[in-house]
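**Student:** Test case, fold it:
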Amino acid sequence: MFDNLKIVWHQGKQFIPDVTKVEVPGIFRGRPVISKNKVDEQILVDLCPTKAISCAPFSIDLGKCTYCGECAVQFPDKIKFTKDYKLSTNIRENLIIYEGIDEPIQMDTESVRKEIYSLFGRSLKLRQVSAGGDNSCEWELTSSNNVQFDMSRFGIDFVASPRHADGIVITGPITENMAEPLQRCYDAIPEPKIIILVGVDAISGGIFADSPAIDRSFLSKHHVDLYVSGNPVHPLSFINGVLSLTRKK
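**Tutor:** Residues are numbered from 1 along each chain as shown. Predicted coordinates for the structure are as follows:
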């Protein structure tokens, strides 16, 4: 008992009371802000390894961005990464950050399916599938239910079987070898069900987008309900994204 008390005294309070308002400590790259300062935009475009940066208009696609931060390092007066971890939306185009606009990424509540609010607002069971991922996003998803973040308090949990799940969480670029297992897992989930893409690799293919070893045909056949950007995704990004999808408030 005394050993436990000593640990509490040394480590302090780990539990995060409000995951929607807490500030991320230390170094964290969240939503970028692009100023209107004039630079050679083509250099920035060529600098990005995943073609996330575009000209006319100048923008950064967070569905492709690896958050390496090299653009901000080379052009600190043009691009700055904030600590805004709310990087989720149900509209793919909302992940594109434009020059001169400093606004949070929005969830389009009008386009969220009504059954999501009515059925999954208090309880949501998810089956996570690593479709060729590198374990970085997978580790962060595991951390989302540790003592700090405690995702289960919102009724959100990961389950072992797709037959016990309400939806599927996909990480990784979806390799050829995982395309069929992913489809089988999705088919085993009872209706209605949701699809959540977690991480840049899942959203766009990331650095593997042009690889012949991936097969993303699954995404062309099914509606995606939530995109959670990040590389890897922070637990706060995932939790806030799922909450914004399933709850109106």
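**Student:** I'd like the mean pLDDT over stretch 158-173, please.
**Tutor:** On average, the pLDDT along stretch 158-173 is 97.
**Student:** low-confidence ranges in the chain?
**Tutor:** Within the chain, the segments meeting pLDDT under 70 span 7-13, 248-249.
**Student:** all strands of it, in order?
**Tutor:** Ranges of strands in the chain, per DSSP state E, are 32-34, 53-54, 59-61, 79-81, 88-89, 96-98, 124-130, 156-158, 167-171, 194-198, 226-228.
**Student:** Residue 72: which of those is closest?
**Tutor:** Closest of those to residue 72 is strand 79-81, at 4.5 Å (criterion: C-beta to C-beta). For the C-beta atoms, the positions are set from N, CA and C on the backbone; glycine is no exception.
**Student:** What is that closest one packed up against?
**Tutor:** Counting contacts by 3 or more C-beta pairs under 8 Å, 6 or more residues apart in numbering; DSSP states H and E, strand 79-81 packs against strand 32-34, helix 70-74.
**Student:** The strands of the chain: which one's closest to residue 115?
**Tutor:** strand 194-198 (9.3 Å).
**Student:** before we move on, the earlier item: could I get the strands of the chain as CSV with distance to residue 186?
**Tutor:** Listed next are the strands of the chain as CSV, based on distance: least, C-beta to C-beta, whole Å:
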stretch, distance to residue 186
strand 32-34, 32
strand 53-54, 32
strand 59-61, 26
strand 79-81, 34
strand 88-89, 20
strand 96-98, 27
strand 124-130, 8
strand 156-158, 16
strand 167-171, 5
strand 194-198, 7
strand 226-228, 15
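**Student:** Pipe those strands into CSV and attach mean neighbour count per row.
**Tutor:** Putting those into CSV (neighbours: other C-beta atoms under 10 Å) gives the following:
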stretch, mean neighbour count
strand 32-34, 21
strand 53-54, 20
strand 59-61, 20
strand 79-81, 19
strand 88-89, 26
strand 96-98, 17
strand 124-130, 21
strand 156-158, 17
strand 167-171, 25
strand 194-198, 25
strand 226-228, 26
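**Student:** Show me the one of these that comes nearest residue 204.
**Tutor:** Checking those against residue 204 by C-beta to C-beta gives strand 59-61 as the closest, at 7.6 Å.
**Student:** Direction included, what does that closest one pair up with?
**Tutor:** Looking at strand 59-61 with DSSP bridges, its partner strands are strand 53-54 (antiparallel), strand 96-98 (antiparallel).
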